[in-house]
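Peer 1: Pasting the sequence and the predicted coordinates here, then a few questions.
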Amino acid sequence: MKLTILGGGGFRVPLVYGALLGDHAEGRVSRVTLYDTDHDRLAAVARVLDEQARGVPDAPVVLATTDLDEALKGADFVFSAIRVGGLAGRAADERVALDAGVLGQETVGAGGIAYGLRTVPVAIDLARRIARLAPDAWVINFTNPAGMVTEAMSRHLGNRVVGICDTPVGLGRRIARVLGADPDRAWIDYAGLNHLGWVQGLYVNGRDELPRLLADDTLLGSFEEGKLFGTDLIRSLGAVPNEYLHYYYFNREAVRAYQQAELTRGAFLREQQQGFYARMREPGTPALATWDRTRAEREATYMSENREVAGAGDRAASDLESGGYEQVALALMRAVARNERTSLILNVRNGNTLSVLDADAVVEVPCLVDANGAHPVAVSPLPYHAAGLVTSVKAVERAVLDAAESGSRSAAVRAFALHPLVDSVHVARELVDAYTLVHPQLAYLERP
């Protein structure tokens, strides 16, 4: 099978290739085509992959190209992992928002809206191109904001596009381990949108073990989310939130911490990766070792401001191990290509899974996956506090999609104004003005 990775010069591509190297079964991916607009980044990543493949006789063949049509033709699977505007764009998203006194995180709040306004038009063009050149391909979307981008692409690809994220899976596995259960045998009752979901139950042999966790202060405070949110809040919610909900429940503290940080997350990653790609241009640089050191530093500093606000300390060693979104993607491909049925938490069209949203809304829920794709399964109804956030944020996503397809500036203002973390229509207008000044990709917002 042929796998095409859009954004093939991206830093996390070696994680995907590493997962593929461990798959030796019949029907595995045997060809990987890396597509990117940046030739130097492609060359750097190709060097890392070449070192990874040494000693693996059946390693997938890797080709790199800057020709999108060439990359897509004949693809069985397409991974979309693009970053419109690069890390410089992410850093600008964060700084503009923080200067306005609101959150600038890349998927949550003002930063996520700005990123979506830049990315959705490109994602729609890609979806149309895939539908024309590789109509039988399955598209796995890594591109953030993942739920919003997946929904935009689904309007052109239907159910053949699936969004993935490793945070719900990681959360469920941490809860299972704390409870002494096998994470691979536990059923996670999880629902919401990407980066906006809650675990409402964890079933082992048909029994919900979450009440046992909620009743035990020691257990509840022993893992990442327990430290981040505090036992009292989690117990009062009756559910364990996805870590990204920290930006909602502790918004003032998060904004203050990000404003006081020496570098925003995007600026840190921009400098870090500029250093990595610069070193990779030197012929003698050990590619894989250099990449691995950079990755370890990246993972160790993830959400560091939030952990500082909560007094949660450093990340646990188990959270620094690989095996995240790339393993979810591999399991998804195996299920589709070989009919190896499995259950995964994915971003898919809602159908009738969450009654508070329409059928075409992309949601993040458990799915059964087989050769016919991902099928969402029944989950517990969202409580009012969760349903309110989910419907509000989905309204924001829809406004972004409206702006991206119509070029309407007022729709863009509406997206910012409706978000729970942007508390003023006046601020919303200021944000649109500021973002259009720093991002040439937003020149399309010309209509009233």
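Peer 2: Thanks, I have it. Residues are numbered from 1 along each chain as shown.
Peer 1: Can you show me the strands along the stretch 151-300 of the chain?
Peer 2: For the stretch 151-300 of the chain, the strands defined by DSSP state E, counting those that start in this stretch occupy 161-163, 187-193, 196-204, 207-208, 240-241.
Peer 1: what's the most buried one of these?
Peer 2: For those, the largest average neighbour count (mean count of other CB atoms under 10 Å) is found in strand 161-163, namely a mean of 28. (C-beta placed from N, C-alpha, C; glycine too.)
Peer 1: rewinding a little: reformat the strands of the stretch 151-300 of the chain into CSV and put distance to Gly180 and mean pLDDT next to each item.
Peer 2: Formatted as CSV, those follow (distance: least, CB to CB, whole Å; pLDDT from 0 to 100):
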stretch, distance to Gly180, mean pLDDT
strand 161-163, 31, 98
strand 187-193, 16, 97
strand 196-204, 9, 97
strand 207-208, 13, 97
strand 240-241, 16, 98
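Peer 1: Could you export these as TSV, including distance to Val356?
Peer 2: Formatted as TSV, those follow (distance: least, CB to CB, whole Å):
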stretch	distance to Val356
strand 161-163	19
strand 187-193	10
strand 196-204	13
strand 207-208	22
strand 240-241	17
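Peer 1: what's the closest of those to Gly86?
Peer 2: strand 161-163 (21.2 Å; CB to CB).
Peer 1: other SSEs contacting that closest one?
Peer 2: Strand 161-163 sits against strand 138-141, helix 146-157, strand 342-349, with contacts defined as 3 or more CB pairs under 8 Å, 6 or more residues apart in numbering; DSSP states H and E.
Peer 1: among these, which is nearest Ala428?
Peer 2: For Ala428, the closest of those is helix 146-157, at 17.4 Å, according to CB to CB.
Peer 1: Quick check: mean pLDDT of the closest one?
Peer 2: In this model, helix 146-157 has a mean pLDDT of 98.
Peer 1: now stretch 79-86
Peer 2: Stretch 79-86 comes out at a mean pLDDT of 96.
Peer 1: Tell me the buried residues in it?
Peer 2: Neighbour counts over stretch 79-86 (16 or more other CB atoms under 10 Å) mark Phe79, Ser80, Ala81, Ile82, Arg83, Val84, Gly85, Gly86 as buried.
Peer 1: do stretch 25-34 as well
Peer 2: Residues of stretch 25-34 classed as buried by neighbour count (16+ other CB under 10 Å): Arg28, Val29, Val32, Thr33, Leu34.
Peer 1: got TSV for the residues you listed, with secondary structure too?
Peer 2: Below are the buried residues of stretch 25-34 laid out as TSV (DSSP: H, G, I helix; E, B strand; the rest coil):
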residue	secondary structure
Arg28	coil
Val29	coil
Val32	strand
Thr33	strand
Leu34	strand
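Peer 1: between those, which is nearest Ser236?
Peer 2: Nearest to Ser236 among those, with distances taken as CB to CB, is Val29, at 45.5 Å.
Peer 1: Can you give me the distance of that closest one to Val45?
Peer 2: 16 Å (CB to CB, to the nearest Å).
Peer 1: next one: Arg212
Peer 2: Distance, Arg212 to Val45, using CB to CB: 45 Å.
Peer 1: re the thing from before, can you list which of the buried residues of stretch 79-86 are found in helices?
Peer 2: Secondary structure defined by DSSP state H assigns Gly86 of the buried residues of stretch 79-86 to helices.
Peer 1: which ones are touching Leu171?
Peer 2: Ile188, Tyr190, Val199, Glu225, Val240, Asn242, Glu243 (CB atoms under 8 Å, 6 or more residues apart in numbering).
Peer 1: roughly how far is the longest helix along the chain from the heart of the chain?
Peer 2: Ordering each helix of the chain by length in residues (DSSP H) puts helix 109-133 first. Mean-position distance between helix 109-133 and its chain equals 14 Å (CA atoms, centre = their mean, to the nearest Å).
Peer 1: which other helices and strands contact it?
Peer 2: Short answer (3+ CB pairs under 8 Å, 6+ apart): helix 109-133 packs on helix 68-72, strand 77-80, helix 86-99, strand 138-141, helix 146-157, helix 384-406, helix 409-418, helix 425-438.
Peer 1: Okay, angle between it and helix 409-418 too, please.
Peer 2: 130 degrees (axes from the mean of the first three to the mean of the last three CA atoms, to 10 degrees).
Peer 1: quick one on the thing from earlier: tell me which of the helices and strands packed on strand 161-163 sits nearest to Glu297.
Peer 2: Within these, the stretch nearest Glu297 is helix 146-157; the backing value is 23.9 Å (CB to CB).
Peer 1: Tell me how far the residue nearest to Gly116 when sequence neighbours are not counted lies from Ile5.
Peer 2: Distance criterion CB to CB, 6 or more residues apart in numbering; nearest residue to Gly116, sequence neighbours excluded, is Val400 at 4.5 Å. As judged by CB to CB, Val400 and Ile5 stand 25 Å apart.
Peer 1: if we can go back for a sec, between the longest helix of the chain and helix 384-406, how big is the angle?
Peer 2: Interaxial angle of helix 109-133 relative to helix 384-406 (the same axes, to 10 degrees): 60 degrees.
Peer 1: Give me the buried positions along helix 109-133.
Peer 2: Residues of helix 109-133 classed as buried: 109-124, 126-127, 129-131, 133 (neighbour count, 16+ other CB under 10 Å).
Peer 1: do stretch 216-224 as well
Peer 2: Those would be Leu219, Leu220, Gly221, Ser222, Phe223, Glu224, for stretch 216-224 by 16+ other CB under 10 Å.
Peer 1: Kindly provide the distance from the last one to Ala100.
Peer 2: Right, Glu224. Going from Glu224 to Ala100 by CB to CB gives 30 Å.
Peer 1: follow-up on the earlier one: same question for the longest helix of the chain, mean pLDDT?
Peer 2: pLDDT averaged over helix 109-133 gives 97.
Peer 1: Stretch 269-283 now?
Peer 2: Averaging pLDDT along stretch 269-283 gives 93.
Peer 1: which residues are contacting that stretch?
Peer 2: Applying CB under 8 Å, 6+ apart, the contact partners of stretch 269-283 are 11, 40-41, 43-44, 47-48, 86-88, 90-91, 263, 285, 287, 290-291, 294, 297-298.
Peer 1: what about dumping the CA coordinates of that stretch to PDB?
Peer 2: Once non-C-alpha atoms are left out, stretch 269-283 reads as follows in PDB (Å, rounded to 0.1, in the frame of the first residue of the first chain):
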ATOM      1  CA  LEU A 269       9.100  25.500  19.100                       C
ATOM      2  CA  ARG A 270      10.000  27.900  16.200                       C
ATOM      3  CA  GLU A 271      13.500  28.500  17.700                       C
ATOM      4  CA  GLN A 272      14.000  24.800  18.600                       C
ATOM      5  CA  GLN A 273      13.000  23.500  15.200                       C
ATOM      6  CA  GLN A 274      15.000  26.200  13.300                       C
ATOM      7  CA  GLY A 275      18.000  24.900  15.200                       C
ATOM      8  CA  PHE A 276      17.200  21.300  14.300                       C
ATOM      9  CA  TYR A 277      16.700  22.000  10.600                       C
ATOM     10  CA  ALA A 278      19.800  24.100  10.500                       C
ATOM     11  CA  ARG A 279      21.900  21.300  12.100                       C
ATOM     12  CA  MET A 280      20.400  18.900   9.600                       C
ATOM     13  CA  ARG A 281      21.800  20.900   6.700                       C
ATOM     14  CA  GLU A 282      25.300  20.000   8.000                       C
ATOM     15  CA  PRO A 283      26.500  16.700   6.200                       C
END
